[in-house]
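Novice: Return atomic coordinates for the entry below.
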Amino acid sequence: MSVKVSIITVVYNGVKEIEKTILNILDQGYPNIEYIVMDGGSHDGTTDIIEKYKDRIAHYISEKDSGIYDAMNKATKLVSGDWVNFMHCGDTFYSNNTVQEIFEKDTSRFDIIYGDYVADYLKNGRRLIKATFPQAPHQMVLSHQSVFARTSSLHLFPFDTTLTISADLKFCEQCWHHGLKFHYFPQVISIRSCAGLSDLNRLQAFKETEAVLQLFYNPEQIKKRMQRIKLMHHVKYGVKKIMPSFLQRLFRKNI
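Specialist: This next block holds a predicted model:
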């Protein structure tokens, strides 16, 4: 019998994107999927769309939460599958065969399966992002849309709800340092919406990332690495602000 895979979608006021995500998951060719949708109390018509597919959704809850990681923790408590993936509103699997391609293989030796993703910048094109975890922390590139985690790992390390952006990074570091077995799946797993973080969110992401990594590595080394990363990021986005959008597209590897 095929292993059971639970897929969780967290959404709040995502009326324009939620149907795309729902249909992509429901159209997966893998025969043993449990689908869970956690809505944060949307008031823009999102719940009307979800209701259309309610009979094909194992668990659907619409209620207020304290943030995306709180909703993810709530959803994890409902899971009955062996593996969990978080595919949030606006994101999709790369193809209708993605889950099948992963779990038709023997996954019994692994705890975390991860792969590449396509970053969708909407009008500015798409870019293939190769996963690089586990490596030195400043080189880590991992997206939870392209990660399948054993349910037991999520029960062992719930998401830290004091964080707003980097709780999934902390989860991966906890799993890695706890000795869980990671396996790289050398294919694109997901297409992730990357319309762009605001400057305020980007600064918060740097702050949280540095705080998380200092829990696991030499704090002074992390501080120096993050200073370099922030400097390069400011240079990169400073150039982007003055570069016309058609030139930005030329510098991306479109898929």
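
Novice: residues contacting Cys89?
Specialist: Neighbour list for Cys89: 9-12, 14, 17-18, 21, 46 [criterion: CB atoms under 8 Å, 6 or more residues apart in numbering]. (C-beta placed from N, C-alpha, C; glycine too.)

Novice: Let's see that with 6 Å instead.
Specialist: By CB atoms under 6 Å, 6 or more residues apart in numbering, Cys89 lies in contact with 11, 14, 17-18, 21.

Novice: Which of those are buried, as a ChimeraX select command?
Specialist: A single ChimeraX command is used to select the members of the contacts of Cys89 judged buried by 16 or more other CB atoms under 10 Å:
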select :11,14,17,18,21
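
Novice: of all the contacts of Cys89, which comes closest to Phe185?
Specialist: The closest of those to Phe185 turns out to be Thr21 (CB to CB; 20.7 Å).

Novice: Which secondary structure element is home to Ile7?
Specialist: Per DSSP states H and E: Ile7 is located in strand 5-11.

Novice: other SSEs contacting that strand?
Specialist: Using 3 or more CB pairs under 6 Å, 6 or more residues apart in numbering; DSSP states H and E, the elements in contact with strand 5-11 are helix 18-26, strand 33-39, helix 68-76, strand 83-86.

Novice: Switch those over to CSV; also include distance to Ile165.
Specialist: Converted to CSV, the helices and strands packed on strand 5-11 look like this (distance: least, CB to CB, whole Å):
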stretch, distance to Ile165
helix 18-26, 20
strand 33-39, 18
helix 68-76, 9
strand 83-86, 14
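
Novice: The ones you listed: which one's closest to Asn97?
Specialist: Nearest to Asn97, of all those, is helix 18-26, at 11.6 Å by CB to CB.

Novice: mind exporting the closest one as CSV, just the C-alpha atoms?
Specialist: Taking Å, rounded to 0.1, in the frame of the first residue of the first chain, the C-alpha atoms of helix 18-26 are listed here in CSV:
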residue,chain,number,x,y,z
ILE,A,18,-6.8,29.8,-3.7
GLU,A,19,-8.6,27.9,-6.5
LYS,A,20,-5.4,27.5,-8.5
THR,A,21,-3.8,25.8,-5.5
ILE,A,22,-6.8,23.7,-4.6
LEU,A,23,-7.2,22.3,-8.1
ASN,A,24,-3.5,21.6,-8.4
ILE,A,25,-3.5,19.5,-5.3
LEU,A,26,-6.8,17.7,-6.1
